[in-house]
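Trainee: Sequence plus predicted model, see below.
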Amino acid sequence: MQGEKIPATVITGFLGAGKTTMIRNMLTTANGRRIALIINEFGDLGVDGEVLKGCGIENCSDDDIVELNNGCICCTVADDFIPAMEKLLERADRPDHIVIETSGLALPQPLVAAFNWPAIKTRVTVDGVVTVVDSAAVSAGRFADDHDRVDAQRQADESLDHESPLEELFEDQLTAADLIVLNKADLLDETGIETVRSEVAGRTSRKTAMIVSRNGEVANEVLLGLGAATEDEIANRKSHHEIEHENGEEHDHDEFDSFVVEFGELKDPDGFGRMLNSIISDHDILRVKGFASVPGKTMRHVIQCVGARMDRYYDRPWQPGETRTSRLVVIGLHDIDRTAIADAIGRAAGAQA
């Protein structure tokens, strides 16, 4: 029966690690294999799904992409994920492989455990969990506390042994992995990559295979066909949250917020990009992603930001009858000032000459 099951790959990783880019590269080298995608967006604008739909790849049709926009997939398993899987499995032309891209905020453990549900277990298996790491961010300590300060305070107060929720999320994604991809290696030298490798290895008790990639380029022979059947032993990869609840401890969560900002055309994308970087820095925004309409350009302008790093490019032509619009998803911690950020982005867009 195992051989008859459809393999599913869960791709997880922190915000902006390069998951969507890696999936796009996967589709371009699918060699006729029908791959269905379940994309879990955080926010109201399906940017990742739109990027994949706009890739122009023959085996990347709209019917093969399911978007779940109602929040973090690990919290909406029963309401969203299970029905989406059942819909894919009921198709006459069932996929050869299913790829699930979680939001950067998702815990893989509850999602993988869902593959043990009766409606799913006999028909699909988790081929593997792939965790994508933003090597440059880890190298810069973006998702880590000040270790020296923590160590000093621990000597005086044993209660500080508990790590911050953001670090826990990063570690939980590593703990669930069958394969860890150290992406964006082109931004570091060899010494930097080895430092990241050691840092990542030190954040999980499991010995997991690690590979290095640039621009999300990983061969399908490496990503697909792991045959891990991860759902059978996910209980051995418990998250901090699960462990602490088992021990009867209370657990504080970082809460994340997202919202959409809409604005007019960008006459000067470069100028807007510089102003947007300042807005991100001023408001400590985690992620910005979306599309913009540029006068005189026949293609959509994609904007992707992780912290101070920004990628901008034109991905596909505007379709006949499609409304040319500019919309960005902003993601940050729960106390971000929506009004101030939206106003600042609006002013930056309107300031273009």
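Mentor: Looks like it arrived, so ask away. Residues are numbered from 1 along each chain as shown.
Trainee: quick one, phi psi at Ala36?
Mentor: phi -100, psi 140 (degrees, to the nearest 10).
Trainee: Could you look up the SS state of Leu137?
Mentor: To be clear, residue 137 is Ala; Leu isn't right here. Secondary structure for Ala137, judged by DSSP: H, G, I helix; E, B strand; the rest coil, is helix.
Trainee: Surely it is in contact with Phe14?
Mentor: Yes - applying Cβ atoms under 8 Å, one finds Ala137 in contact with Phe14, separated by 7.3 Å. Every C-beta, even on glycine, is put in place using the N, C-alpha and C of the backbone.
Trainee: just checking, Phe291 is part of a strand?
Mentor: Yes - the assignment for Phe291 (three-state DSSP) places it in a strand.
Trainee: so where's the stretch 151-300 of the chain shaky on pLDDT?
Mentor: Residues of the stretch 151-300 of the chain meeting the criterion pLDDT under 70: 151-165, 241-242, 244-256.
Trainee: Break down it into its strands, ranges please.
Mentor: All strands of the stretch 151-300 of the chain, identified by DSSP state E, counting those that start in this stretch, fall at 179-183, 209-212, 256-263, 287-292, 299-306.
Trainee: As a markdown table, those with mean neighbour count would be great.
Mentor: Below are the strands of the stretch 151-300 of the chain laid out as a markdown table (neighbours: other Cβ atoms under 10 Å):
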| stretch | mean neighbour count |
| --- | --- |
| strand 179-183 | 24 |
| strand 209-212 | 16 |
| strand 256-263 | 18 |
| strand 287-292 | 23 |
| strand 299-306 | 21 |
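Trainee: tell me the domain boundaries of the protein?
Mentor: Domains of the chain are assigned by automatic domain parsing as 2-246, 256-350.
Trainee: Need the winner for burial among those domains.
Mentor: Highest mean neighbour count among these (mean count of other Cβ atoms under 10 Å): domain 2-246, with a mean of 18.
Trainee: what residues are up against Asp284?
Mentor: Gly332, Leu333, Ile336 (Cβ atoms under 8 Å, 6 or more residues apart in numbering).
Trainee: Just give me the closest of those residues to Arg312.
Mentor: Gly332 (20.2 Å; Cβ to Cβ).
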